[in-house]
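Chemist: any chance you could fold what I've pasted below:
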Amino acid sequence: MDQEHGERELQLLLPAAVAVAAARVLRGDAPAPAPAPGLMTGGGGGGGVDNHAAPVLDLDLSMSIGPRRQQPSSSSPPAASESRRAAARQQLLQQTQAAAADVRAVKQQTAERMQEASERRAYAERVRRMARMELELAEKEFARARMIWERAREEVERVERMKEIAARRLGSSALEITCHACMQRFHP
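Modeler: The predicted model follows:
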């Protein structure tokens with residue numbers, strides 16, 4: 001199954017002639033390697049070009065989809081690829097530092113928001129406690145005022161009763177009292 005899967009991938013990725021040859025090699029029933037096509041065939045046959053051979057096959061396998069790029073020659077300076085690697089490392093380092101700075105900024109913002117929320121919560125708790133104390137104080141004041149009002153009412157009722165008692169005692173003798181200045185009778 002795995003071998004069939006490999007052959008199938010080769011058929012999809014490589015041209016037909018190359019896929020068939022590669023499949024033979026994978027199965028292990030490949031014939032002896034033929035001389036490279038397009039080259040002079042050896043032997044004493046006159047040294048001509050083999051016109052019936054398959055075209056030159058490039059069996060350098062790659063995973064790229066686009067056209068094959070030429071390998072850079074060994075004469076190209078390795079400093080260029082090293083500088084590209086260094087630039088890529090530098091860019092990766094900068095991106096990492098920027099991401100770390102962003103993370104720090106987000107953490108700092110979160111810490112500030114949490115501190116602000118904590119302060120608001122503490123302030124709200126103080127306000128609630130003060131409101132509760134004021135409410136209790138108001139309830140005490142109201143109870144005290146009600147008690148004072150009750151006492152005053154009782155006092156007024158007592159004075160009213162005393163006035164009635166005093167008025168009954170005076171009775172007829174009070175009617176006899178007159179003012180000598182104006183000569184009018186006393187009315188209780």
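Chemist: can you list the domains in this structure?
Modeler: The record assigns the chain these domain ranges, following automatic domain parsing: 1-31, 86-167.
Chemist: tell me the most buried of those?
Modeler: Of all the domains of the chain, domain 1-31 carries the top mean neighbour count, a mean of 13, counting by mean count of other CB atoms under 10 Å. (Glycine included, C-beta is placed from N, CA and C.)
Chemist: what is the rounded mean pLDDT of that domain?
Modeler: Across domain 1-31, the average pLDDT comes to 61.
Chemist: check stretch 152-168 too.
Modeler: The model assigns stretch 152-168 a mean pLDDT of 91.
Chemist: now swap in stretch 91-102 and tell me
Modeler: Stretch 91-102 comes out with an average pLDDT of 93.
Chemist: returning to what we had before: can you redo the domains of the chain as JSON lines with distance to residue 79?
Modeler: JSON lines is the format used below for the domains of the chain (distance: least, CB to CB, whole Å):
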{"stretch": "domain 1-31", "distance to residue 79": "34"}
{"stretch": "domain 86-167", "distance to residue 79": "10"}
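Chemist: so which of the ones you listed comes closest to residue 80?
Modeler: Nearest to residue 80, of all those, is domain 86-167, at 10.5 Å by CB to CB.
Chemist: can you name the helix or strand that residue 119 falls in?
Modeler: Using DSSP states H and E, residue 119 sits in helix 78-176.
Chemist: packing partners of that helix?
Modeler: Helix 78-176 sits against no helix or strand, with contacts defined as 3 or more CB pairs under 8 Å, 6 or more residues apart in numbering; DSSP states H and E.
Chemist: now do residue 164 against residue 153, distance only.
Modeler: 17 Å (CB to CB, to the nearest Å).
Chemist: can you check residue 117 too?
Modeler: Remark: distance between residue 117 and residue 153 (CB to CB) = 53 Å.
Chemist: do residue 144 as well
Modeler: 15 Å.
Chemist: next: residue 103.
Modeler: For residue 103, the distance to residue 153 - CB to CB - is 73 Å.
Chemist: before we move on, what about residue 98?
Modeler: Residue 98 sits 80 Å away from residue 153, going by CB to CB.
Chemist: do residue 107 as well
Modeler: Distance, residue 107 to residue 153, by CB to CB: 68 Å.
Chemist: now swap in residue 160 and tell me
Modeler: According to CB to CB, residue 160 stands 10 Å off from residue 153.
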